[in-house]
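Trainee: Show me the folded form of this:
(chains A and B)
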Amino acid sequence: MNQNKVFNTESAPHIPDSNSVARVMLTVWLALVPAMLAHVFFFGTGIVIQLTLAIAFALLFEAISLKLLNKNINLFLKDYSAFVTGLLFALCISPVAPWWISFIGMFFSIVVAKHLFGGLGQNIFNPAMVGFAIVLISFPQAMSIWVAPQAISLYDMSFLENLQAIFFNTFPTEIDFDTLTQATPLDTIKTAISQDYAMSEITNVPLFGKFGGLGWEWIANFYFIGGLLLIYKKVITWRVPTAVIVTTIAFSLPFNLYDTDQFIGPLQHVFSGGLMLAAFFIATDPTTGCSSHKGQFIFGAGVAIMTVLVREFGNFPDGVAFGVLIMNMAAPLIDRLTIPKAFGQQR
Amino acid sequence: MLKATEITPAHLYSFKGGLKLKHHKRDSLDNGLSQSSIPDKLYLSLRINRGNIANPIVAVGDNVLKGQVIAKPDTTNGSYIHASSSGKVTAIGIRETASPNADYATVIEITTDKKDQWCTIAKTHSITEAIKSAGIVGMGGAGFPTHLKYQGNNIHTLIINGAECEPYISCDEQLMLDYPNDLIDGITLMMKAADAEQAIFALEDQVGGIKSQIDKIIAKRKIEHIVVVKVPTIYPAGGEKQLIKVLTGLEVPSGGLPLDLGIIVQNVGTAKALADYCKHGRPLLERIITVAGDAIGKPQNFSALTGTPISHLLQQAEFDKDKTERLVIGGPMMGYAMPNCDIGIDKTSNCILALSHENTQHHGDSLPCIRCGKCVEVCPSQLLPQQLHWYIKGENLEKAREHHLFDCIECGACAWVCPSQIKLVDYYRYAKSEINYLDYKRTKSDAAQIRHEQREGRLLKIKQERIAKRKRTKHRSKNPDKMKQDLQATLDRVKKAKEQKNEPK
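Mentor: Take a look at the predicted model:
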């Protein structure tokens, strides 16, 4: 009775579609290219070295983890998810951060946050943000040294000098270290406010541009453009970015109106630090975010509120990473409470 | 409930989700409709639809005529099976059928005599009776027994589904092109049977020329209350619930039927089958089936007898067996892959697809879900497919039910867009059948529990009665005089009874 099976009997759908995880990840990479170029323009070639390092460590740890867990290395390395984790991490750290920052960050991102939680699609926390938060808390000094934007800097570091700074911690000697490097705009604000300077005085220095930090605001603009590409390509939806940006403005505005000299303005919030990157590229990570439409709004709003609170009242200059990680924890609960009505359900 | 007059088909609504797919219909339509030759053997499956089975009323060796009833349903949900050509019953046994997973079922094998000799078809009095005797089932794919749809009252609208949304399938379009008059006859019959106030005939907007052709016939024959409406070509617009939404803006309640809204939806093939029986006295023995795919040399539509082996149709369409990797009954989105081609087609088989390796989706390399949410965007039932997948994978079936698993129509849109290429629909089918089984087991165990408790109750009662009786007798035994009296009374009664018995009659 067992008839000879001639044809393949896999289940529907039978015709192929071109979508794949790798394609999703590569689109993310493509969308980040404009912002990366802007980064090079404003802060020099350090970011190129950081990107190379972070991606190399990410792929190395990914391969080792897959090997140790007996998973198909070939299949999983090709999904480019580790590649994107390295990419996002490098965009968060200083262009002259020492090389071991990437090493430690990627270890926690890939090995701890991703593979120890079950690998691709199983992680609770955003891997890039876990790595970033760990190095930020553990090595605050190494993380806080940024180069001054090239437009106001008296000295532009060459590629070789960047390499020396990253690998040997040696900076050019012909110029004063304090002139060469500078705290980030948000860091500057935090320090200055604690010294009782008013916001108007703080942002009046050349380090600040029209709404955000000089250079930073432009990079944020390019993140925005890249983000629009992702929405157009349907890699992400508009909900999370909109929720993050709108909530940031809405939540920071009352503080700013209450005391303009004590609190950061809404536009300064949006165009500074990692907010725009997070709005389009990090809080939109589907694995660690919410899946219902209502849930996505709540998630984005939560990230924004946490970020503003940390920036205004916390110990750290920026709070995007903490906002994302805290909302990651809340995501499963939000999803359970916002199950959408199905077709034909009473509404 | 809405009245027919409140539904204005001039204004269309939309449903959430859905896909735009390449339709690949032109190839088979350009080659037109051919009459398939009579095959040597017919394999007629007695499995009608979801669990309804017909019982054979012929035996091996019997001669049968075309149109003769060879199997009757065991419940009212089933339908009749007729011999689709004349010949001899050569086997009745278990075989693979053209159903999901090519399930095994009882199949009557008829070796044809090629004479195609008809038996006399008895006349029926009502249309609903005609639907039953003609063995008509929903020809769009689900095979819902048509007569069940006409048992309800308060039907105001009949929707004729000519929106064939799956790629490659063109049998309905072919039917509308070649048999518009029969189609209109069928629709008027159905309206009469349902006592509906109006009929809406829905077509996809990618078809050309059919609307004007049908409109002309309607005008010429002066038929009222039938409107032809074009709906956007979005998969799955031809799904019953989606089509109702598009045309009326109403949503079939979760777990309900279109009947709950006073609407009946019928496929164009079903309408034609009814006209064939009522006008020409032909039961449902034949259907139009598309043979297409990139391993088919001459894709076309066939008018083929039910039970015709797939191989017989493939031969007539220049089939390249070596090139074929997958052979599908139905469309590329929801169809079932067949293990071989010696399987008979049935009343619901609308398409045979032969696909090559390059044109086939392979799930071997599926990655874990990254929760990208693409499936959420395309799901026409507005579910969270990735959450369902997650819960089912963790065997958390109750959670899946909570996430409206049973509203899934298994259209396959989620699996189609999945970047990790996960066979999502397989998970849902598994979970649905598993939940149904567990529910069945639970009701059974609940019933057993109740039975057990009742039995315990009964036993307790008997025991208590016995104790009470014993108490009574004990009480009596304490009084010797009373006992003696009782004994005497009993003896007298026995004696009397004996005397009565011995008396001559």
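
Trainee: How about the strand or helix carrying B:C375 and chain A, touching?
Mentor: Secondary structure from DSSP states H and E places B:C375 in helix B:374-378. Yes: judged by Cβ under 8 Å from any Cβ of the partner chain, helix B:374-378 comes into contact with chain A at B:374, B:376-377. Any C-beta I mention is one placed from the backbone N, CA and C, and that applies to glycine too.

Trainee: Take these and lay them out in CSV including pLDDT and neighbour count.
Mentor: As requested, those are exported to CSV (pLDDT from 0 to 100; neighbours: other Cβ atoms under 10 Å in any protein chain shown):
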residue, pLDDT, neighbour count
B:K374, 86, 24
B:V376, 88, 25
B:E377, 88, 17
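
Trainee: from these, which single one is nearest chain A?
Mentor: Among these, B:V376 lies closest to chain A (Cβ to the nearest Cβ), at 6.1 Å.

Trainee: What distance do you get for that closest one to B:Y427?
Mentor: The gap separating B:V376 from B:Y427 is 15 Å, by Cβ to Cβ, to the nearest Å.

Trainee: Which element is encountered next along the chain beyond the lengthiest helix in chain B?
Mentor: Determined from DSSP state H, the single longest helix within chain B is helix B:424-477. Counting by DSSP H and E, the next helix or strand C-terminal to helix B:424-477 is helix B:480-502.

Trainee: helices or strands next to that following helix in the packing?
Mentor: Here helix B:480-502 touches helix B:424-477, going by 3 or more Cβ pairs under 8 Å, 6 or more residues apart in numbering or on different chains; DSSP states H and E.

Trainee: Can you give the domain ranges for chain B?
Mentor: Domain assignment for chain B by automatic domain parsing gives B:4-304, B:374-432.

Trainee: okay, how far is it across the shortest one, tip to tip?
Mentor: Same thing as domain B:374-432. Domain B:374-432 has an end-to-end distance of 22 Å (Cα to Cα, to the nearest Å).

Trainee: rewinding a little: is the longest helix of chain B positioned near chain A?
Mentor: Yes: using Cβ under 8 Å from any Cβ, helix B:424-477 comes into contact with chain A via B:425-426.

Trainee: Tell me the gap between that helix and the middle of its chain.
Mentor: How far helix B:424-477 lies from its chain's middle: 35 Å, per Cα atoms, centre = their mean, to the nearest Å.

Trainee: so it versus helix B:480-502, what angle?
Mentor: Relative orientation of helix B:424-477 versus helix B:480-502 (axes from the mean of the first three to the mean of the last three Cα atoms, to 10 degrees): 110 degrees.

Trainee: Please identify which of the domains of chain B is closest to A:R336.
Mentor: domain B:374-432 (8.8 Å; Cβ to Cβ).

Trainee: Residue numbers of the stretch 51-200 of chain A in contact with chain B?
Mentor: For the stretch 51-200 of chain A, the contact set with chain B under Cβ under 8 Å from any Cβ comprises A:75-76, A:79, A:81, A:119-122.

Trainee: Turn the residues you listed into CSV, including neighbour count and secondary structure.
Mentor: Compiled in CSV, those are given as follows (neighbours: other Cβ atoms under 10 Å in any protein chain shown; DSSP: H, G, I helix; E, B strand; the rest coil):
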residue, neighbour count, secondary structure
A:L75, 13, helix
A:F76, 21, helix
A:D79, 23, coil
A:S81, 26, helix
A:G119, 19, coil
A:L120, 21, coil
A:G121, 23, coil
A:Q122, 16, coil
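
Trainee: Just name the closest of the residues you listed to chain B, please.
Mentor: Nearest to chain B, judged by Cβ to the nearest Cβ, of those is A:G121 at 3.8 Å.

Trainee: Could you give the backbone dihedrals for the closest one?
Mentor: phi 80, psi -10 (degrees, to the nearest 10).

Trainee: where does the nearest residue to it once chain neighbours are set aside fall, phi/psi-wise?
Mentor: Distances taken as Cβ to Cβ, 6 or more residues apart in numbering or on different chains place B:P368 nearest to A:G121, at 3.8 Å, with adjacent residues excluded. For B:P368, the backbone dihedrals (degrees, to the nearest 10) come out as phi -70, psi 160.

Trainee: Same question for B:V417.
Mentor: Torsion angles at B:V417 (phi, psi; degrees, to the nearest 10) stand at phi -90, psi -10.

Trainee: does stretch B:335-355 come close to chain A?
Mentor: Yes: applying Cβ under 8 Å from any Cβ, one finds stretch B:335-355 in contact with chain A at B:335-342, B:353, B:355.

Trainee: Get me the contact residues on the stretch 201-347 of chain A for chain B.
Mentor: Residues of the stretch 201-347 of chain A lying near chain B (Cβ under 8 Å from any Cβ): A:234-235, A:237, A:286-287, A:289, A:291-293, A:335, A:339-346.

Trainee: low-confidence ranges in the stretch 101-250 of chain A?
Mentor: Flagging of the stretch 101-250 of chain A using pLDDT under 70 yields the residue ranges A:151-154, A:178-179, A:211.

Trainee: cool, and chain B?
Mentor: Applying pLDDT under 70 to chain B flags the ranges B:1-10, B:49-51, B:363-365, B:476-477, B:504-505.

Trainee: ok so B:G93 is a strand residue?
Mentor: Yes: under DSSP: H, G, I helix; E, B strand; the rest coil, B:G93 sits within a strand.

Trainee: I'd say it and B:V107 touch.
Mentor: Yes: using Cβ atoms under 8 Å, B:G93 is in contact with B:V107, at 6.6 Å.

Trainee: I'd say the residue nearest to A:G121 and A:L120 touch.
Mentor: Yes: counting by Cβ under 8 Å, B:P368 does reach A:L120; the two are 4.9 Å apart.

Trainee: rewinding a little: okay, B:G93 and B:V107: which has more neighbours?
Mentor: The residue with more neighbours, out of B:G93 and B:V107, is B:V107; 23 against 11, by other Cβ atoms under 10 Å in any protein chain shown.

Trainee: what sits against the more buried one?
Mentor: Applying Cβ atoms under 8 Å, 6 or more residues apart in numbering or on different chains to B:V107 gives the contacts B:43-46, B:92-95, B:97, B:344.

Trainee: Determine the set of other helices and strands touching the helix holding B:C375.
Mentor: Partner elements for helix B:374-378 (3+ Cβ pairs under 8 Å, 6+ apart): helix B:385-393, helix B:413-417.

Trainee: then the first one to CSV, C-alphas only?
Mentor: Pointing back at helix B:385-393 there. C-alpha atoms of helix B:385-393 as CSV (Å, rounded to 0.1, in the frame of the first residue of the first chain):
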residue,chain,number,x,y,z
PRO,B,385,1.5,34.9,13.9
GLN,B,386,4.9,35.1,15.6
GLN,B,387,3.4,35.0,19.1
LEU,B,388,1.3,32.0,18.0
HIS,B,389,4.5,30.3,16.7
TRP,B,390,6.3,31.0,19.9
TYR,B,391,3.6,29.6,22.1
ILE,B,392,3.0,26.6,20.0
LYS,B,393,6.7,25.8,19.9
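
Trainee: So is that helix next to chain A?
Mentor: Yes: using Cβ under 8 Å from any Cβ, helix B:385-393 reaches chain A at B:386-387.

Trainee: and what of stretch B:134-142?
Mentor: No: in terms of Cβ under 8 Å from any Cβ, no part of stretch B:134-142 sits within range of chain A; the closest distance is 12.1 Å.

Trainee: A:F7 against B:Y336, yeah?
Mentor: No: assessed by Cβ under 8 Å, A:F7 is found out of contact with B:Y336, at 11.4 Å.
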